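Peer 1: Coordinates for the following, if possible.
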Amino acid sequence: MPNVTNIHLVPLSPETKEYSQIEYYLRMCLCSSTTQVTELLEISNPRLTLRFEKNTEKMLCLSSWVDLGKYGKSKEEEILRSGFTFSEEKGQLFEVGSIETEKTEGKIRMRVLLCKIGVGRAYNTTEEFAAVGNIPEGYQSFYIDRNTIDFSEDDVDGIPGDTYRHKYLLKNAERVLPTHIVSFEFDADEEKKSRGKAMCYSCGEKEAVLFCKTDNVDLCEECDETLHSGKVGSRHVRTSIETENKFFSECSLHAGKAVEFFCPTCSLPVCVYCKMVGHHSAGDAAKHKLITATDAYTQIVASLGTGDGVGKTRMGEIRKQAAKVRDRVICVEENIKRIQKQTNDIYARICGELKVHYERKVNTLKGDLSELQRQAQEMKHLEHFLQYQYTGKKRGQFILDWANYLALKEKLQVADYFRKNIDVQPDIQLTGDLTICASEEKTVWTPKTSEQSLEEAKDWALCENIDDTATIGKFSEYLSDALSSFINE
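Peer 2: From the prediction side, this is the model:
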């Protein structure tokens, strides 16, 4: 037992209801009826309890098992004294439900810490994003996506009941409260044996079909006839093994003592020692009416098919709410499709406006460039004609045109219509922000470069679990690339 100053570790008695409930919950999480708790300590730390209650008021809290085997003694004492410590940036994973053990055969012994964790409303995401991302406003934890949600299902009946395991990542250590240290033994082979068919005690080869209460043994039909054929043996009481509730065969408090009774008031099995000198020998419990273990089993089995069963009313409510969630998913998908169409229309309109601005500016520049090309060509044309006359035979005409050549050349040297200043500027801008908003949130991008904007869009899409980032990518890329795409056409 850890020696932790100012922390009280109170051993719980197997006779208490709290012990019984924790042991049952442990068995359910291990899916094992044969698991035995060897020690159960209640952790009493008022400071941690008050801190936890303050930070989890009106918040969904769940039970989580933490394997103490992965911690050293000093770390265990630190957890019991000061609670869990982890950075708000990385947080810590906690599992709810089934306990997975490394060994699937033989006996194992484990010490686990039973904790309360305040998960509140959990944001569904991947483990990779949860490890680096911030919990969105309005949520208290991350739920690690198992990729098992199928919104096309009509109900929740397809959810497996044999495996109940969920992961949450918390980033506030004050929402974790250690409550109990549980030491237990689990024998996988014994569990498998308890699930198998009973074999005949006498021959050990055939399946048992009868139980002899007098000898407390299981027998096959042939061995039963052989052993109970005499006058004495025929008086033994035998019952069908299907109706015999032998799981009450031994009292958990008094080794070797058979359980014969059951207390409906306390919901506890009772042996003769329990009745004579144990928990049902004095006080109010001594006045409780006991029934036989067989009658208790029969009554419980009969009650399974009547009444509310295992939460039938609640399951009905869950189905109705699940149907509403699925309907809302359809609405969201239709909403996204509308927004995608709107964004595509906006993208097409902006690209059209960009093209108009581009053509207007480029056509102006093309006009200026065409004039410069004309002037240069006119001068070259003059020189070409001079050479043409010079190489001809009409030298008289060449002499007569020389004065005209000089006059036109002098005229072309004057740059009265030569534009030295370029008045077309690369001043096209995108004014305002592209905004996608909902009633409960608003997300705005102000991209700097195409690479940065694309990464920001992808991060947002990851956070929002949006698979189709094509539209988002378009908006992030066109901000800097759309104009160049027209130039390249």
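
Peer 1: Quick check: closest non-adjacent residue to the residue nearest to the spatial centre of the chain.
Peer 2: Among the residues of the chain, Ile144 comes closest to the average C-alpha position under C-alpha atoms, centre = their mean, at 2.0 Å. Using C-beta to C-beta, 6 or more residues apart in numbering and skipping residues adjacent in sequence, the residue nearest Ile144 is Lys167, 3.9 Å away. Just so you know, the C-beta spots here come from the backbone N, C-alpha and C atoms, and that holds for glycine as well.

Peer 1: sec struct for the one you found, please.
Peer 2: Counting by DSSP: H, G, I helix; E, B strand; the rest coil, the backbone at Lys167 sits in strand.

Peer 1: Enumerate every residue touching it.
Peer 2: Contacts were defined as C-beta atoms under 8 Å, 6 or more residues apart in numbering; by that measure Lys167 touches Leu93, Phe94, Glu95, Val96, Glu127, Tyr143, Ile144, Arg146.

Peer 1: what's the neighbour count on the last one?
Peer 2: What it means is Arg146. Arg146 sits with 10 neighbouring residues when counted by other C-beta atoms under 10 Å.

Peer 1: pLDDT wise, what is it at?
Peer 2: Reported pLDDT at Arg146 in the predicted model: 74.

Peer 1: Distance check, it against Lys167.
Peer 2: Arg146 is 8 Å from Lys167, where distance means C-beta to C-beta, to the nearest Å.

Peer 1: And for the first one?
Peer 2: When distances are taken as C-beta to C-beta, Leu93 and Lys167 turn out to be 6 Å apart.

Peer 1: shared neighbours, these two?
Peer 2: With contacts defined as C-beta under 8 Å, 6+ apart, the residues adjacent to both Leu93 and Lys167 are Glu127, Ile144.

Peer 1: Now do Tyr25 against Phe184, distance only.
Peer 2: Relative to Phe184, Tyr25 is positioned 12 Å away (criterion: C-beta to C-beta).

Peer 1: more neighbours, the two?
Peer 2: Between Tyr25 and Phe184, Phe184 has the larger neighbour count (other C-beta under 10 Å), namely 21 against 14.

Peer 1: related to what we said a few turns ago, for the contacts of Lys167, which one is nearest Gln321?
Peer 2: The shortest distance between Gln321 and any of the contacts of Lys167, using C-beta to C-beta, involves Tyr143 and amounts to 16.9 Å.

Peer 1: ok, the closest one - contacts?
Peer 2: Applying C-beta under 8 Å, 6+ apart, we find Tyr143 in contact with Val119, Ala122, Tyr123, Asn124, Thr125, His166, Lys167, Tyr168.

Peer 1: switch the cut-off to 10 Å
Peer 2: Tyr143 sits next to Val96, Val119, Arg121, Ala122, Tyr123, Asn124, Thr125, Ala130, His166, Lys167, Tyr168, Leu169 when contact means C-beta atoms under 10 Å, 6 or more residues apart in numbering.

Peer 1: Compare the residues you listed and tell me which has the most neighbours.
Peer 2: Top of those by neighbour number is Ala130, holding 26 neighbours under the definition other C-beta under 10 Å.

Peer 1: host element of that one?
Peer 2: If you go by DSSP states H and E, Ala130 is part of helix 127-132.

Peer 1: Next SSE downstream of that helix?
Peer 2: Beyond helix 127-132 on the C-terminal side, the first helix or strand identified by DSSP H and E is strand 141-144.

Peer 1: where in the stretch 151-300 of the chain is pLDDT low?
Peer 2: Segments of the stretch 151-300 of the chain classed as low confidence (criterion: pLDDT under 70) are 151-162, 242-249.

Peer 1: Strands of that one, start to end?
Peer 2: 165-170, 176-187, 210-212, 217-219, 238-240, 259-263, 268-271, 291-292 (DSSP state E, counting those that start in this stretch).

Peer 1: who wins for proximity to His381 among those?
Peer 2: Smallest distance to His381 across those (C-beta to C-beta): 79.3 Å, for strand 165-170.

Peer 1: quick one, helices of this protein?
Peer 2: In the chain, the segments counted as helices under DSSP state H are 17-30, 46-55, 73-82, 127-132, 188-195, 221-227, 272-276, 293-303, 312-390, 395-413, 450-463, 470-488.

Peer 1: Next, the buried residues of stretch 343-359.
Peer 2: Thr343, Tyr347, Ile350, Leu354, Tyr358 (16 or more other C-beta atoms under 10 Å).

Peer 1: Among those residues, pick out the one closest to Lys394, please.
Peer 2: Minimum distance to Lys394 across those is 52.2 Å, recorded for Tyr358 (C-beta to C-beta).

Peer 1: for stretch 68-75, which positions count as buried?
Peer 2: Quick answer for stretch 68-75 (16+ other C-beta under 10 Å): Leu68.

Peer 1: pLDDT score for the residue lying farthest from the centre of the chain?
Peer 2: In terms of distance from the mean C-alpha position of the chain, Gly396 ranks first, at 99.8 Å (C-alpha atoms, centre = their mean). Looking at Gly396, its pLDDT reads 87.

Peer 1: So which of the helices of the chain is nearest Pro264?
Peer 2: Checking the helices of the chain against Pro264 by C-beta to C-beta gives helix 293-303 as the closest, at 7.3 Å.

Peer 1: domains of this structure?
Peer 2: Listed domain ranges for the chain are 8-193, 197-303, 315-428, 429-489 (source: automatic domain parsing).

Peer 1: Redo the buried residues of stretch 343-359 as TSV? Include distance to Gln413.
Peer 2: As requested, these are exported to TSV (distance: C-beta to C-beta, whole Å):
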residue	distance to Gln413
Thr343	58
Tyr347	52
Ile350	48
Leu354	42
Tyr358	36
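
Peer 1: Nearest to Lys193 among the residues you listed?
Peer 2: Proximity of the buried residues of stretch 343-359 to Lys193 (C-beta to C-beta) peaks at Thr343, which lies at 63.1 Å.

Peer 1: Please name the residues that touch Ala131.
Peer 2: Residues in contact with Ala131, defined by C-beta under 10 Å, 6+ apart, are Glu89, Lys90, Gly91, Leu93, Thr125, Phe142, Leu169.
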